[in-house]
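Novice: structure, please.
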Amino acid sequence: MGKRNPNGYGCVTKLSGNRSKPWIVKVTIYDEAGHSRQVPVAYAETEEQGNILLAEYNNNPWNIDRNKVTLVELYNRWAKIKLPKLGTSNQSSLKSAFKHCSKYYGMKYRNIRAYQMQDCIDNCGCGYSTQGAIKNLWGHLDRFAFELDIIDKMYSSLTTAPPIPDTQRTPFTPEQVSALWKIQSDPWVDTVLIYLYTGFRLTELLRMKTEQVNTKDWYFQGGIKSASGKGRIVPIHDRIKPFVQTLVDQGNLYLFSINGKKFSQTNYYKCWNEVMEKIGADKTPHEARHTFETNLDNAGGNRKCIDMLMGHKSKDVGNRVYNHKTIEQLRETIELLK
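Specialist: From the prediction side, this is the model:
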């Protein structure tokens, strides 16, 4: 049996009977509701020839009917070619944004106007971030369609999305951190303290697998979002080593687990808020990350090391090469935290 093609790629199958071209090449198209079906685009004498025709179609399907390309067809093509080049977080938000455009899935892309794009933004029923992501998605699709000569005017430039309001991020106070240490044995307090002493983003620790924790040399290796953030090494501060060891010894796939399973952000926020209520604080995991950076900066930490720990892109960081000396410099920086 030959290798299975990826979803949405199409297929080559043999027809029954005595035919000069018995191999039919089918590709996936979508109707107005976004449902897929396969339609024939070519016939071939051999299976190999059919696979070549299918590959040529997938490399450039727009040379057939640019005028008939629908929104969902354009998106699927863009998602294969352009989307993988974006950051993980951006990919996720754009995929979610597309679900709010379902009203126009089957519409020919060249006929979509600014007011229809705006309709998706205004009536998505979600907050500032999602509205911004939908606007962002239309911009990506317009640029791709323009590149393929499907459109000659980018209406996405006429759309608007409300700006995300400024939120004042303030670090945890020393009193709040001290209060956490006093109740360190309470449920989920250990996870909050791990955030405060590592600077990881919310999703980075929720996605951290136990195998990414080195308890021999005491460091985490993880991170997402950007080239600077992915796979970065963060030494484990002496004060949180007992917490980390206990979590690793539980033998779960993920370091932070609930009933042996991976935390969702929603479930973790419930646990986080329980802890915040106990210390009378109104803080977010992102403010824990902000606290980590602020405290290291105030303690005179090396800026290059701080950027590496945070996963920030910096002209001083360049290509990260982790050797023994580098890891020890990062460890010395981490241990500046009290």
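Novice: low-confidence ranges in the stretch 151-300 of the chain?
Specialist: 164-168, 223-230 (pLDDT under 70).
Novice: at 50 what do you get?
Specialist: The stretch 151-300 of the chain contains residues with pLDDT under 50 at 226-229.
Novice: Ile151: neighbour count?
Specialist: Neighbour count of Ile151, defined by other Cβ atoms under 10 Å: 22. No exception for glycine: its C-beta is placed from N, CA and C like everyone else's.
Novice: surely it meets Arg110?
Specialist: Yes: using Cβ atoms under 8 Å, Ile151 is in contact with Arg110, at 5.3 Å.
Novice: spell out the residue ranges of the strands in the chain.
Specialist: 11-14, 23-30, 36-44, 213-214, 219-222, 232-235, 257-258, 261-262 (DSSP state E).
Novice: could you dump these to CSV with mean neighbour count and distance to Gly132?
Specialist: Below are the strands of the chain laid out as CSV (neighbours: other Cβ atoms under 10 Å; distance: least, Cβ to Cβ, whole Å):
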stretch, mean neighbour count, distance to Gly132
strand 11-14, 16, 38
strand 23-30, 19, 26
strand 36-44, 14, 29
strand 213-214, 16, 35
strand 219-222, 19, 27
strand 232-235, 22, 27
strand 257-258, 16, 31
strand 261-262, 14, 27
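Novice: nearest to His140, of those strands?
Specialist: strand 23-30 (18.6 Å; Cβ to Cβ).
Novice: which residue ranges of the stretch 201-338 of the chain form helices?
Specialist: When assigned using DSSP state H, counting those that start in this stretch, the helices of the stretch 201-338 of the chain occupy the ranges 202-206, 241-249, 265-279, 285-298, 303-310, 324-334.
Novice: quick one: residues contacting Ala42.
Specialist: 24-25, 50, 53-54, 57 (Cβ atoms under 8 Å, 6 or more residues apart in numbering).
Novice: try 6 Å
Specialist: Shown in contact with Ala42 (Cβ atoms under 6 Å, 6 or more residues apart in numbering): 25, 53.
Novice: any idea what it is bridged to?
Specialist: Beta-bridge pairing for Ala42 (DSSP bridges): Val25.
Novice: measure it to Asn5 for me?
Specialist: With distances taken as Cβ to Cβ, to the nearest Å, Ala42 is found 15 Å from Asn5.
Novice: which helix runs longest in the protein?
Specialist: Determined from DSSP state H, the single longest helix within the chain is helix 128-147.
Novice: buried sites along that one?
Specialist: 130-138, 140-142, 144-145 (16 or more other Cβ atoms under 10 Å).
Novice: nearest to Gly301, of those?
Specialist: Gly132 (33.0 Å).
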